[in-house]
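Visitor: What follows is a predicted protein model with its sequence.
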Amino acid sequence: MDFDVAVIGGGVGGLAAAVRAAEAGKKVAIVEKDQLGGECINRACIPSKTLIDAVKLLSRTERANWIKKGNDSELSLDYNALNAYKTQIIDRIRLNLQRTLEKYSVTVINGKGEVQHEGEVKVGNKTITTDKMIISTGSVPISIPDFPLNGKNVLDPWSAMNLPYVPPKVIIVGGGVAGVELATLFRAMGKEVTILELMPRLLPVPGLDKDVASTVKSRLEEKGIKIYLQAKSKVTSSDGKVRFHVETPSSTEDVEGDLAVITIGRKAVTDGIDLNSIKVNVDKRGYIITNEKAMTSNPKVYAVGDVTGVPQSATKAWKQGLVAGDNLTGRSSSMPKYMPLSIFADLEIGSVGKSIDDLKAEGVDGKEILVKMEDIPRAWTLNEPHGFFKLIVGKDGKILGAHMVGEGATEVINTISMAMELSSTVNSLYPVTFSHPTVTEVISEAVQRAVAGEMY
Ligand SMILES: Cc1cc2nc3c(=O)[nH]c(=O)nc-3n(C[C@H](O)[C@H](O)[C@H](O)COP(=O)(O)OP(=O)(O)OC[C@H]3O[C@@H](n4cnc5c(N)ncnc54)[C@H](O)[C@@H]3O)c2cc1C
């Protein structure tokens, strides 16, 4: 046997699994056909957040009347310099990952891993043997008939983010997480942005509070982004300009732009891996079915990350990788009960657990404690007093969810996630002190309100 564990796919899920298994003393190989870090590090989370943070810094500075801006008062973005900075950050993170793999003596094999038999991975003309296997091959955007990707002006998110020059009019198909983040980015760069969303609301993400979604919609519209909801649309031509036919319940129009970014449609990457022959079950969309220990229907095969279906986030992929690494080395661990969601829009969003509408639909007793960000002193010192935080509390005081829109939401939500995983109630959190002035104080204010009444 060449290895104890062979990991196919070196994205965040595969890397977490490989390192965790190697830390436990196993002999581990990771097979990667492209670049270590996968989608998140090279093409998604890290590059998109680098760009979004940069443009938000610009708009924050523009709003700050107390910063002297010279004669023409104009601040502008050097997109080439920003792209170079983005590449530098990606390289830096990838280097750290490589060093970690070296530290734990993980063997990196470059090439496409193919599997025909349990316990064997073929890479080029070599076959390695392994006791256990982890499939972490991710997912890829697919070209949908109504929105055919053409590599020129109808692009997937990564290709759009990587353009050396973004043209003036951008149409984004899909008002989900990626669509909203890209709209934030392109609008802040001064582009004319339109979002086409099929569902009746922006951010139709399961569990996400509807007021959070409508607040972000209003904010994007205030910034000049045009949003069509319940929009049945299709690309009608892409010669030069991209033209869409768009039907909503109240209108039928043709919408034209220079660039279309298609944020909908992905599929699991399993080509070259004969899942049937290794007795690994998939769901009807082709995603690998796993249990809470990241194990597939074959106890010798684990699967992690996007290839296991929704939620498709690096947050999940990383955790599932750790869980797989733990379980296949004899340390029992399970997937968390709650998976936080962060959306880096303008405003930021953080969400975990159930919304009040979920509770109503399930007939569960509970209440919603609302705190406006204008009640939190730090929001003012940051010049970001917009948005709100909602804490969802069950009859027994148990925290069942939280939803925040406002700057800092992507950080605040992790604290609630921890509280929920520890089965906290508002009474058990009541004695906890948060330092002042911080955005996270919004949690203690909500807890105070639930237990004893308003402080601000
Ligand atoms: C624009 C955008 C922004 C995003 N932002 C966020 C964010 O802020 N936060 C968040 O949590 N998530 C975010 N995501 C989602 C996140 O990028 C993915 O969920 C995450 O990268 C999935 O990780 P993974 O390890 O499952 O797969 P991947 O990262 O896709 O890695 C799979 C790897 O396997 C390799 N591979 C595939 N087949 C083989 C084979 N046969 N042999 C060898 N190698 C193979 C691929 O080359 C790839 O490197 C974003 C996605 C997009 C599109």
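Guide: Structure received. This one's a predicted model, so the numbers in the text were calculated from it and none came from an experiment.
Visitor: neighbours around the single nearest residue of the stretch 351-456 of the chain relative to the ligand, how many?
Guide: Residue of the stretch 351-456 of the chain nearest the ligand, by CB to the nearest ligand atom: Thr410 (8.6 Å). Glycine gets a C-beta too; all of them are placed from N, C-alpha and C. Other residues within reach of Thr410, judged by other CB atoms under 10 Å, total 19.
Visitor: Where does it fall, secondary structure wise?
Guide: Assigned by DSSP states H and E, Thr410 belongs to helix 409-421.
Visitor: Helix or strand next in line after that helix, which one?
Guide: helix 426-429.
Visitor: residues contacting the closest residue to the ligand within the stretch 151-300 of the chain?
Guide: Here the stretch 151-300 of the chain gets closest to the ligand at one residue, Pro157, 3.9 Å apart by CB to the nearest ligand atom. Shown in contact with Pro157 (CB atoms under 8 Å, 6 or more residues apart in numbering): Ala44, Ser48, Pro141, Ala178, Leu182, Val261, Thr263.
Visitor: got the buried residues for the helix holding Thr410?
Guide: Under the neighbour-count criterion of 16 or more other CB atoms under 10 Å, helix 409-421 has Ala409, Thr410, Val412, Ile413, Thr415, Ile416, Ser417, Ala419, Met420 buried.
Visitor: what distance separates it from the centre of its chain?
Guide: For helix 409-421, the separation from the chain centroid amounts to 15 Å (computed by CA atoms, centre = their mean, to the nearest Å).
Visitor: List the contacts of whichever residue of the stretch 101-250 of the chain sits closest to the ligand.
Guide: Residue of the stretch 101-250 of the chain nearest the ligand, by CB to the nearest ligand atom: Gly138 (2.2 Å). Contact partners of Gly138, counting by CB under 8 Å, 6+ apart, are Gly9, Gly11, Gly13, Gly38, Glu39, Ala268, Val269, Gly305, Asp306, Val307.
Visitor: so Asn153 touches Val235, yeah?
Guide: No: here Asn153 does not reach Val235: they are 9.7 Å apart, not a contact under CB atoms under 8 Å.
Visitor: overlap in contacts of those two?
Guide: In contact with both Asn153 and Val235: Val242, Ala260, using CB under 8 Å, 6+ apart.
Visitor: Tell me how far Arg187 lies from Gly224.
Guide: The gap separating Arg187 from Gly224 is 7 Å, by CB to CB, to the nearest Å.
Visitor: send the alpha carbons of stretch 417-427 over as CSV?
Guide: Extracted C-alpha coordinates of stretch 417-427, given in CSV (Å, rounded to 0.1, in the frame of the first residue of the first chain):
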residue,chain,number,x,y,z
SER,A,417,-22.8,30.3,15.5
MET,A,418,-20.6,29.4,18.5
ALA,A,419,-23.3,30.2,21.0
MET,A,420,-25.8,28.0,19.0
GLU,A,421,-23.4,25.1,18.7
LEU,A,422,-23.0,25.3,22.5
SER,A,423,-26.8,25.2,22.8
SER,A,424,-26.7,28.6,24.6
THR,A,425,-29.8,30.4,25.8
VAL,A,426,-30.2,34.1,26.3
ASN,A,427,-30.0,33.5,30.1
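Visitor: what's next to it, contact-wise?
Guide: Under CB under 8 Å, 6+ apart, the answer for stretch 417-427 is 336-338, 340, 352-353, 391, 393, 396-401, 429, 447, 450-451.
Visitor: Give me the subset of those lying in helices.
Guide: Among those, the members found in helices (DSSP state H) are Leu429, Val447, Ala450, Val451.
Visitor: quick one, domains of the chain?
Guide: 3-140+267-328, 154-262, 347-451 (automatic domain parsing).
Visitor: quick check: mean pLDDT across the shortest one?
Guide: Spelled out, that is domain 347-451. For domain 347-451, the mean pLDDT works out to 96.
Visitor: Could you check the pLDDT of whichever residue of the stretch 201-350 of the chain sits closest to the ligand?
Guide: When scored by CB to the nearest ligand atom, the stretch 201-350 of the chain has Gly305 as its residue closest to the ligand, at 2.0 Å. On pLDDT, Gly305 comes in at 98.
Visitor: okay, now it: neighbour count?
Guide: Counted by other CB under 10 Å, the residues lying close to Gly305 total 36.
Visitor: so Arg243 sits right up against Val255, yeah?
Guide: Yes: between Arg243 and Val255 there is a contact under CB under 8 Å: 7.4 Å.
Visitor: on that earlier part again, who has more neighbours, Arg187 and Gly224?
Guide: Set Arg187 next to Gly224 and count neighbours by other CB under 10 Å: Arg187 wins out with 19 against 11.
Visitor: how many neighbours does Val166 have?
Guide: Neighbour tally, Val166, other CB under 10 Å: 18.
Visitor: Would you confirm that it belongs to a strand?
Guide: No: under DSSP: H, G, I helix; E, B strand; the rest coil, Val166 sits outside any strand and is assigned coil.
Visitor: wait, is Glu253 part of a strand?
Guide: Yes: using three-state DSSP, the secondary structure at Glu253 is a strand.
Visitor: what's near enough to touch it?
Guide: Contacts of Glu253 by CB under 8 Å, 6+ apart are His245, Val246.
Visitor: C-terminal to the helix or strand where Ile369 lies, what's the next element?
Guide: Here Ile369 sits within strand 366-372, counting by DSSP H and E. Note on strand 366-372: by DSSP H and E, the next helix or strand toward the C-terminus is helix 377-381.
Visitor: for that following helix, packing partners?
Guide: If contacts are counted by 3 or more CB pairs under 8 Å, 6 or more residues apart in numbering; DSSP states H and E, helix 377-381 sits against no helix or strand.
Visitor: got the buried residues for that helix?
Guide: Buried positions in helix 377-381, judged by neighbour count with 16+ other CB under 10 Å: Arg378, Ala379.
Visitor: Contacts for that helix, please.
Guide: For helix 377-381, the surrounding residues in contact (CB under 8 Å, 6+ apart) are Met373, Glu374, Pro385, His386, Gly406, Glu407, Gly408, His436, Pro437, Thr438, Val439, Glu441.
Visitor: Might you report the residue contacts of the first one?
Guide: Met373 makes contacts with Ala379, Glu384, Pro385, His386, Gly387, Phe388, Phe389, Gly406, Glu407, Val442, as judged by CB under 8 Å, 6+ apart.
Visitor: Could you do the last one as well?
Guide: Contact criterion CB under 8 Å, 6+ apart gives Ile376, Pro377, Arg378, Phe434, Ser435 as the residues in contact with Glu441.
Visitor: Repeat the analysis, applying 6 Å as the threshold.
Guide: Ile376, Phe434 (CB atoms under 6 Å, 6 or more residues apart in numbering).
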